[in-house]
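J.: Need the 3D shape of this:
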Amino acid sequence: MKKIIVIIICIISFQQISAQNPLVTHMFTADPTARVFDGKLYVYPSSDTYPPAGREKEFPRFCMPGYHVFSLENGATWKDHGWILKENDVPWGDKDTYAMWAPDCIKKGDTYYYYYPAQPKDGSAFRRIGVGTSKSPTGPFKWEKDYIKGVSGIDPGLLVDEDDKAYLYYGGGKELFVVPLKDNMKEIAAEPIKVEGLPAGYKEGSFAFKKDGVYYFTFAHGFIDEGYTIGYATSDNPLGPFLYQGKIMDNIGNGTNHHSVVKYNNQWILFYHWWEISGYNKLRSMRADYMTFKDDGTIKKVKPTLRGIGTPKIGDTIQIDRYNEINKAKIAFVGGENEPKGWMVCDTEMMGSVQFNSVDFGNGEATKIEARVASGQRIGSFEIRLGNPTGKLIATFPIEYTGGWSSWKTIETDITEKVTGVQNIVVVFKSDWGSTKAVNLNWLKLK
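T.: Got it, this is the predicted structure:
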């Protein structure tokens, strides 16, 4: 049989990726489950890709070949640890179905348990849920030869309570379910029960967490007139019944959303996905924003931002186009060869500025700063200031002709003042009055 080669976007094991929102841009990722293990932040997403040539009509929804795992390194760099599981390596799964939807990973004792849905080759259900085990959060995992008996559905979400009892939440459609697991984490300990107390309508993406003795059950919820939102309900019991509390996030761009919630470095974070790189809601990219609670324990609605999370440190790429504020400048997709997918600051007018909050200068070790630039002219400069456009000047770059507006060059200059701690930085562009382009700026980096 003729082999069909499927080209998947530039997947390289142990690749370093720096981004704010979306978190990674070298491949399409969706359904991110974030976990903190031993103080380190990991994300376990699904992945999207293009349908194989000639099979486009078979994938009217999603084409999903398997899973990678990512970890947060330094302050804002995501490390890709490569494939954790490919669809044709599922022992009990059908082949070449591209049906690997949202996964989860949880730790109990000294073992990591990775749960995933796949299409079973025995045809017994739309999806079954399998599990694998490892002594490392990044694998390799040893996969169970069969799926978990008594469970059928999608989007496994795990909760291990303080008493070490574990619960599996799952399902998609009008009903979601929860079932306690046996101590081995591979078998159910009772019959699944419907999660009660949720509103009507399509639901999926089950994810539960506990805060201040309250169980929060979060889920993707489709409204007929609005599309997918992220909703939540609360209970004093992991099995429910739950009381619906409202939405964590509104619909984005009339497509799916799927999420997780984690507490990291004393801040709550909502992970979710969007598709701004591809412009197509079947090729998604994972994102994250901070989430806060009101005094009564309810969740303040999260609005998607460009800035996202993370505090870049020395050596991290500062994606300046993921700004907090911008004035007399714009952003656009990066042009030119050998530039990673993403955006740049462009159309920078005289005295235009872009502000990026929360950059960690540490104890003042940074002595230089790099900039990735492209320019079709050589008049002017751009300055790095602290706090606001008239704040302390710490660095100045001359604007040089690089060969054109899509011809990129990395330049470096000295940091003229010792800077310590976490600071907001502002880039101020200077050129002739009336100019509509001074320089294109892709990123900055402290050295």
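J.: V36 reaches V262, doesn't it?
T.: Yes - contact criterion C-beta atoms under 8 Å: V36 and V262 qualify, at 5.8 Å. Backbone N, C-alpha and C define where each C-beta goes, glycine included.
J.: Look at the two and report which has more neighbours.
T.: For V36 versus V262, neighbours defined as other C-beta atoms under 10 Å are more numerous around V262 (21 against 16).
J.: ok, the nearest residue to L72 once chain neighbours are set aside - contacts?
T.: Counting by C-beta to C-beta, 6 or more residues apart in numbering, L41 is the residue found nearest to L72 once chain neighbours are left out, at 4.2 Å. Counting by C-beta atoms under 8 Å, 6 or more residues apart in numbering, L41 makes contact with 34-35, 71-72, 262, 264.
J.: same thing but 7 Å
T.: The contact partners of L41, taken as C-beta atoms under 7 Å, 6 or more residues apart in numbering, are 34, 71-72, 264.
J.: Any regions of this structure where pLDDT drops low?
T.: 1-16 (pLDDT under 70).
J.: Swap in 80 and give it another go.
T.: The model of the chain has pLDDT under 80 over residues 1-19, 335, 337-338.
J.: and it, what are its domains?
T.: The chain breaks down into these domains under automatic domain parsing: 15-291, 317-446.
J.: Dump those domains into TSV; add distance to T298 as well.
T.: Shown next, in TSV, are the domains of the chain (distance: least, C-beta to C-beta, whole Å):
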stretch	distance to T298
domain 15-291	6
domain 317-446	26
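J.: Please report the distance of the residue lying closest to D212 once chain neighbours are set aside from G157.
T.: Leaving aside its sequence neighbours, D212 sits nearest to G297 (C-beta to C-beta, 6+ apart; 6.6 Å). Separation of G297 from G157 (C-beta to C-beta, to the nearest Å): 20 Å.
J.: Please say which of the two ends up with more neighbours.
T.: A direct count of neighbours by other C-beta under 10 Å for G297 and G157 places G157 higher, at 26 against 13.
J.: which residues touch the more buried one?
T.: With contact taken as C-beta under 7 Å, 6+ apart, G157 is in contact with 104, 169-170, 206-208.
J.: and if you look at I106?
T.: 113, 158, 160.
J.: still on that earlier bit, how about the contacts of L41 in JSON lines, adding neighbour count and secondary structure?
T.: Listed next are those as JSON lines, based on neighbours: other C-beta atoms under 10 Å; DSSP: H, G, I helix; E, B strand; the rest coil:
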{"residue": "A34", "neighbour count": "25", "secondary structure": "strand"}
{"residue": "S71", "neighbour count": "16", "secondary structure": "strand"}
{"residue": "L72", "neighbour count": "21", "secondary structure": "strand"}
{"residue": "Y264", "neighbour count": "17", "secondary structure": "strand"}
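J.: of those, closest to Q20?
T.: L72 (12.1 Å; C-beta to C-beta).
J.: For the closest residue to D89 other than its chain neighbours, list the residues it contacts.
T.: Counting by C-beta to C-beta, 6+ apart, W143 is the residue found nearest to D89 once chain neighbours are left out, at 7.3 Å. With contact set as C-beta under 7 Å, 6+ apart, W143 has these partners: 91, 130, 132.
J.: the helices in the stretch 101-250 of the chain, which residues?
T.: Per DSSP state H, counting those that start in this stretch, the stretch 101-250 of the chain carries no helices over any range.
J.: rewinding a little: which two in the contacts of L41 are spaced the farthest apart?
T.: S71 and Y264 (11.8 Å).
J.: returning to that earlier point: and which of the contacts of L41 is nearest to P117?
T.: A34 (18.5 Å).
J.: Tell me if I'm right that the closest one and H259 touch.
T.: No - if you go by C-beta atoms under 7 Å, A34 and H259 don't touch, sitting 9.1 Å apart.
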